[in-house]
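take this sequence and fold it.
(one chain, ligands or ions: 1)
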Amino acid sequence: MTPHDPPRSRLGLIGAGTFGLRHSRFVAKSDRADLVAVADPTFAWDRPLPDELLDLARYPDHREMLARGDLDGVIVASPSELHVAHALDCLDAGVAVLVEKPVAVDRDQAQPLLDRVAADPGARVLVGHHRRHHPGVAAARALIEEGRLGEIRAVAAVWATHKNDSYFDVEWRRRRPGGGMLLINLIHEVDLLRHLVGEIVGMEAIVSNKARGLEVADTAGLVLRFENGAVGTLVGSDCAVSPWGWDQATQDDPTFPHHPGQPCLLIAGSRGSVSVPDMTVFSQSEPSWLEPVTEDRRPVAGADAFARQLAHFADVAAGRVRPLVTPDDALRSLEVVRSAGLSLAG
Ligand SMILES: NC(=O)c1ccc[n+]([C@@H]2O[C@H](COP(=O)([O-])OP(=O)(O)OC[C@H]3O[C@@H](n4cnc5c(N)ncnc54)[C@H](O)[C@@H]3O)[C@@H](O)[C@H]2O)c1
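Residues are numbered from 1 along each chain as shown. Here you go, the predicted structure:
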């Protein structure tokens with residue numbers, strides 16, 4: 001480390017489940033952060049531990065971990081219903097928080113966190129919509145902001161994969177208010193669409209739980225109206241085999257099969273269109289449905305969204321930058337998927 005290198009953050013982790021463990025692997029590879037402690041009341045500590053957890057201090061109660069007093073930041077990867085309570089405890093302890101999405105399960109639950117962040121300039125909270133840190137997303141946003149696509153008119157997003165039945169052995173994932181693919185998965189697409197296209201001002205949804213028979217949705221179709229007049233569709237399913245979806249199109253999470261050539265987000269404007277995250281740009285010199293469309297592939301380098309999110313969080317924790325995704329921003333995505341969920345009968 002040289003005197004010019006940015007400081008490393010000392011991090012704790014709340015929730016050492018499926019995604020908490022994945023976070024621990026991302027931190028182990030990071031040159032910006034070290035994981036030093038982990039809190040989880042039900043984690044089976046006597047089972048074989050992944051290497052990156054072997055030397056960590058372990059706590060059954062996250063408040064004991066926070067009482068150490070030497071953490072710069074904490075990653076909250078507990079079940080979604082606990083995010084706000086855990087984030088507030090971290091802020092009370094004076095540490096920065098990277099809280100997984102969804103930031104909360106509804107507006108009422110989120111409000112104390114929003115109030116706290118609004119009232120306390122020292123409260124640093126980043127919400128884990130990691131896709132925004134992907135360079136393909138930054139490139140697409142720049143393309144749109146520069147007006148290269150003209151006015152955005154139509155967008156289509158898809159996320160479809162077949163989760164294993166055993167995924168639903170974990171109780172909170174199969175019931176309201178925190179479970180189901182709307183809050184766990186499609187909220188990522190909604191966040192990305194808001195980030196790239198603009199705020200969503202109208203939404204109609206058809207939502208089904210027919211395939212899995214759970215009280216939460218397994219398949220959904222949303223029709224979206226954006227503030228700028230664009231119209232979009234978002235379809236998703238956690239019980240359909242497909243190569244289409246952010247997880248398959250990128251290698252953000254290497255546990256998914258990789259299908260880099262398949263589109264998962266198409267954005268069409270009055271002058272051109274783009275496929276994200278592969279960044280294939282389509283355009284015409286003069287818009288005409290009878291003229292050839294030029295195809296220009298612009299793959300982006302350094303597409304490691306979680307490493308970038310972690311580096312950003314280290315900067316947030318050090319007070320060097322403001323969070324890219326704040327709780328009130330994340331709440332807007334939550335409200336879209338919550339409204340969609342209401343269209344599921346029962
Ligand atoms: N960003 C992403 O792409 C992504 C992907 C998957 C999951 N997630 C989010 O991560 C969160 C966790 O999901 P998961 O699938 O890993 O869940 P999980 O059930 O596998 O893990 C949750 C862990 O939290 C622990 N826990 C429960 N109560 C706790 C408490 N009071 N204090 C500390 N730990 C506690 C549980 O014992 C469990 O080990 C969810 O909010 C989910 O939406 C985000």
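
how near is residue 20 to residue 62?
Taking C-beta to C-beta, to the nearest Å as the measure, residue 20 falls 12 Å from residue 62. All C-beta atoms are positioned from the backbone trio N, CA, C, and that covers glycine.

ignore what I typed, I meant residue 169.
Residue 169 sits at a distance of 24 Å from residue 62 (criterion: C-beta to C-beta).

which of those two has more neighbours?
More crowded of residue 169 and residue 62, by other C-beta atoms under 10 Å: residue 62, with 26 against 9.

if you drop the residues flanking it in sequence, what lies closest to the more buried one?
In space, and not counting its chain neighbours, residue 62 is closest to residue 39: 3.8 Å by C-beta to C-beta, 6 or more residues apart in numbering.

ok, the one you found - contacts?
Under the criterion of C-beta atoms under 8 Å, 6 or more residues apart in numbering, the neighbours of residue 39 are 12, 13, 14, 15, 16, 58, 59, 60, 61, 62, 64, 65.

so who does the fifth one touch?
This means residue 16. In this structure, residue 16 makes contact with 24, 38, 39, 40, 43, 53, 77, judged by C-beta under 8 Å, 6+ apart.

by neighbours, which of those wins?
Within these, neighbour counts (other C-beta under 10 Å) peak at residue 38, which reaches 29 neighbours.

what about the closest residue to that residue other than its chain neighbours, helix or strand, and which?
Once flanking residues are discounted, residue 38 sits nearest to residue 13: 4.4 Å by C-beta to C-beta, 6+ apart. According to DSSP states H and E, residue 13 maps onto strand 9-14.

and the very next helix or strand once past that strand, what's buried?
If you walk from strand 9-14 toward the C-terminus, the next helix or strand you reach (DSSP H and E) is helix 18-29. Under the neighbour-count criterion of 16 or more other C-beta atoms under 10 Å, helix 18-29 has 19, 20, 21, 22, 23, 24, 25, 26, 27 buried.

make TSV from those residues and add pLDDT and distance to the ligand to it.
Output for those, formatted as TSV (pLDDT from 0 to 100; distance: C-beta to the nearest ligand atom, whole Å):
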residue	pLDDT	distance to the ligand
19	94	3
20	94	6
21	91	8
22	92	7
23	95	9
24	93	11
25	92	13
26	93	11
27	95	14
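
between those residues, which is nearest residue 138?
When the buried residues of helix 18-29 are ranked by distance to residue 138 (C-beta to C-beta), residue 26 comes first, at 19.0 Å.

where's residue 189, which helix or strand?
Under the assignment given by DSSP H and E, the secondary-structure element containing residue 189 is helix 187-196.

surely residue 50 and residue 25 touch.
Yes: counting by C-beta atoms under 8 Å, residue 50 does reach residue 25; the two are 7.1 Å apart.

mind listing the helices for the stretch 51-200 of the chain?
62-66, 83-92, 107-119, 135-145, 181, 187-196 (DSSP state H, counting those that start in this stretch).

return the most buried member of the ones you listed.
Between the helices of the stretch 51-200 of the chain, helix 181 has the highest mean count of neighbours, a mean of 28, where neighbours are mean count of other C-beta atoms under 10 Å.

that helix near the ligand anywhere?
No: judged by C-beta under 6 Å from any ligand atom, helix 181 makes no contact with the ligand; its nearest approach is 10.6 Å.
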